[in-house]
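> make a model of this:
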Amino acid sequence: MKFQTPTGMHDILETDLVYFRKIENVCESMARFYDFKEIRTPILEDTQIFEKGTGQTSDIVEKEMYSFKTKGGDSLTVRPEGTPGIVRAYIQHGMQNIPKPVNMWYMGPFFRHERPQAGRYRQFHQFGFESLGVEDPVIDVLIIQIFYNILQSLGFKNLIIELNSIGCAQCRPYFKKSLTSYLRSRSASLCADCKSRMKKNPLRILDCKQEKCQMIKSSAPQVLDSLCSGCHDHFKSLLEFLDELDLPYSLNPYLVRGLDYYTRTVFEIMEETDDGKQQGSLIGGGRYDDLIKTLGGKPTPGCGAAAGVERIANLMKQRQKKAPTETTQSVFVAQVGELAKKKSLKLLEDCRRVNLPVGHTLHKNSLSSQLRVADQQNATYVLILGQKEALENKVIIREMKTGKQSIVPLESAAKEVKKKIK
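The predicted structure follows:
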């Protein structure tokens with residue numbers, strides 16, 4: 001029998017993991033600078049979190065969730081996205097009682113039952129940043145700025161932020177009524193999915209990528225014309241902040257995103273090619289001021305966004321001639337002979353205790369082959385244990401660039417070379 005990964009699942013090998021780690025390192029760096037605390041929620045959540053939060057009419061809930069009943073009768077879902085779980089944790093752990101905003105970030109695996117295609121998997125990874133507790137549009141801009149900076153740090157250029165406001169519970173019903181009236185006379189020309197959306201959530205039609213629906217929506221009413229004064233002022237302030245930061249953006253009146261919990265700001269960050277064509281969304285997010293109340297908490301505003309790790313990693317891999325260089329060891333341990341090999345194990349432990357990363361090839365016996373590996377790893381110093389040194393409990397410290405050597409006691413070798421590196 002030949003076993004393979006299930007349809008839509010994939011192994012992540014070292015050649016790809018270097019990009020995953022690069023993305024995670026950049027996210028961690030941004031999180032530290034902007035004071036976002038990491039959170040790790042369970043992969044399994046109560047199904048109702050997504051049905052109520054993400055929305056019954058979203059593609060995720062209607063088509064893509066992996067849900068099942070436990071032996072005890074509980075309905076659980078393998079998480080298809082991150083925000084509802086973050087909100088559940090916010091409510092469960094009493095974060096409503098701590099100073100606002102509450103800023104959190106995450107990275108991990110998610111699961112959706114969708115048709116596998118290039119760059120899209122049924123098990124995939126996302127990173128996200130969420131800020132809860134503050135309504136001020138400066139928070140929206142902070143989230144946008146973080147993701148823009150992350151993409152730039154990963155080598156993406158010609159980035160453009162697409163923006164829209166989809167209003168709130170006060171003004172959106174009037175827009176829905178206007179949109180439904182416009183679409184009703186054109187319903188025969190809509191795709192099958194959008195005909196169904198007419199009854200459930202007509203805003204989702206604006207998100208359709210089918211060509212015939214694109215033509216219909218191009219003349220549809222625009223939500224920006226229906227905003228209440230509060231949503232209008234919020235969006236105006238958001239644009240003023242972006243102007244102050246010189247962040248490139250364009251207004252897309254038909255951007256609604258595919259999740260039901262969004263209110264007011266929605267955005268995507270894309271990359272443009274040299275000829276001005278957009279490559280598709282790299283980042284997506286927005287404001288969700290009603291979600292915490294929907295999931296049982298006190299009315300609390302929130303804003304966040306997420307990005308697919310596989311998509312970004314694949315693009316990085318296509319464009320970079322060399323994989324990202326990870327932290328390399330500046331010290332290498334080389335040994336010759338059985339006694340020296342035994343002593344080198346203790347030397348490795350001494351280096352670990354003083355927080356000195358070292359490279360080694362303990363399985364090799366040839367000194368010349370070990371020195372070649374040290375040279376390939378750009379080691380600054382090599383700690384050499386030969387048979388004579390092992391018998392005398394001493395170590396040779398060789399500076400690779402000059403070839404200069406010194407002999408030190410084995411018990412102090414790790415501390416000595418760390419002093420030299422400093």
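
> which element follows the one helix or strand Ser131 maps to toward the C-terminus?
Here Ser131 sits within strand 123-132, counting by DSSP states H and E. Following strand 123-132 in sequence order, the next helix or strand is helix 137-153 (DSSP H and E).

> any buried residues in that next one, and which?
Residues of helix 137-153 classed as buried: 137, 139-148, 150-151 (neighbour count, 16 or more other C-beta atoms under 10 Å). (Each C-beta comes from the backbone N, C-alpha and C, glycine too.)

> equivalent analysis for stretch 97-109, please.
Neighbour-count burial for stretch 97-109 flags 101-108 (criterion: 16+ other C-beta under 10 Å).

> and that stretch, C-alpha only, in PDB?
As requested, C-alpha coordinates have been extracted for stretch 97-109 and formatted as PDB (Å, rounded to 0.1, in the frame of the first residue of the first chain):
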ATOM      1  CA  ASN A  97     -12.100  44.200  32.200                       C
ATOM      2  CA  ILE A  98      -8.500  45.100  31.200                       C
ATOM      3  CA  PRO A  99      -7.300  48.300  29.600                       C
ATOM      4  CA  LYS A 100      -8.200  48.800  26.000                       C
ATOM      5  CA  PRO A 101      -7.200  48.200  23.300                       C
ATOM      6  CA  VAL A 102      -6.500  44.500  23.800                       C
ATOM      7  CA  ASN A 103      -4.100  43.700  21.000                       C
ATOM      8  CA  MET A 104      -3.400  40.000  20.000                       C
ATOM      9  CA  TRP A 105      -1.800  38.200  17.100                       C
ATOM     10  CA  TYR A 106      -1.700  34.600  16.000                       C
ATOM     11  CA  MET A 107      -0.300  32.200  13.500                       C
ATOM     12  CA  GLY A 108      -1.300  28.600  12.900                       C
ATOM     13  CA  PRO A 109      -3.200  26.000  10.800                       C
END
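
> pull the distance from that stretch to the chain's centre.
Stretch 97-109 sits 14 Å away from the centroid of its parent chain (C-alpha atoms, centre = their mean, to the nearest Å).

> and the contacts of it?
By C-beta atoms under 8 Å, 6 or more residues apart in numbering, the list of residues contacting stretch 97-109 from outside reads 23-24, 27, 31, 34-41, 43, 82, 86, 90, 95, 123-134, 139, 309.

> low-scoring stretches of the stretch 151-300 of the chain, by residue?
Scanning the stretch 151-300 of the chain with the threshold set as pLDDT under 70 gives 274-278.

> in it, which spans are strands?
Here the stretch 151-300 of the chain has its strands, by DSSP state E, counting those that start in this stretch, at 159-165, 249-251, 263-272, 278-287.

> now those strands as JSON lines including mean neighbour count and distance to Ala118?
Rendered in JSON lines, the data for the strands of the stretch 151-300 of the chain read as follows (neighbours: other C-beta atoms under 10 Å; distance: least, C-beta to C-beta, whole Å):
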{"stretch": "strand 159-165", "mean neighbour count": "21", "distance to Ala118": "22"}
{"stretch": "strand 249-251", "mean neighbour count": "14", "distance to Ala118": "27"}
{"stretch": "strand 263-272", "mean neighbour count": "22", "distance to Ala118": "17"}
{"stretch": "strand 278-287", "mean neighbour count": "20", "distance to Ala118": "12"}
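
> tell me which of those sits nearest to Tyr66.
When these are compared by C-beta to C-beta, strand 278-287 sits nearest Tyr66, at 21.2 Å.

> count the neighbours of Gln318 for me.
Counted with other C-beta atoms under 10 Å, the neighbours of Gln318 add up to 7.

> for it, give its distance to Gln279.
Remark: distance between Gln318 and Gln279 (C-beta to C-beta, to the nearest Å) = 11 Å.

> what is in contact with those two at once?
Between them, Gln318 and Gln279 share no contacting residue, judged by C-beta under 8 Å, 6+ apart.

> before we move on, the earlier item: quick check, nearest of the buried residues of helix 137-153 to Lys236?
Distance from Lys236 was checked for each of those by C-beta to C-beta. The minimum falls on Pro137, at 8.6 Å.

> so the closest one makes contact with Phe241?
Yes. Counting by C-beta atoms under 8 Å, Pro137 touches Phe241, with 6.5 Å between them.

> would you list every one of the helices in the stretch 201-350 of the chain?
Counting by DSSP state H, counting those that start in this stretch, the stretch 201-350 of the chain has helices at residues 211-217, 229-245, 291-294, 309-319, 338-353.

> for Ile60, find the nearest of those helices.
Nearest to Ile60 among those is helix 291-294 (14.3 Å), distances taken as C-beta to C-beta.

> got the contact list for the closest one?
The contact list for helix 291-294, computed with C-beta under 8 Å, 6+ apart, reads 52-53, 83-84, 87, 90-91, 132, 261, 298-300, 302.

> now with 10 Å?
Residues lying outside helix 291-294 but in contact with it, judged by C-beta atoms under 10 Å, 6 or more residues apart in numbering, are 49, 52-55, 83-84, 86-88, 90-91, 95-96, 132-133, 259-263, 288, 297-302, 304.
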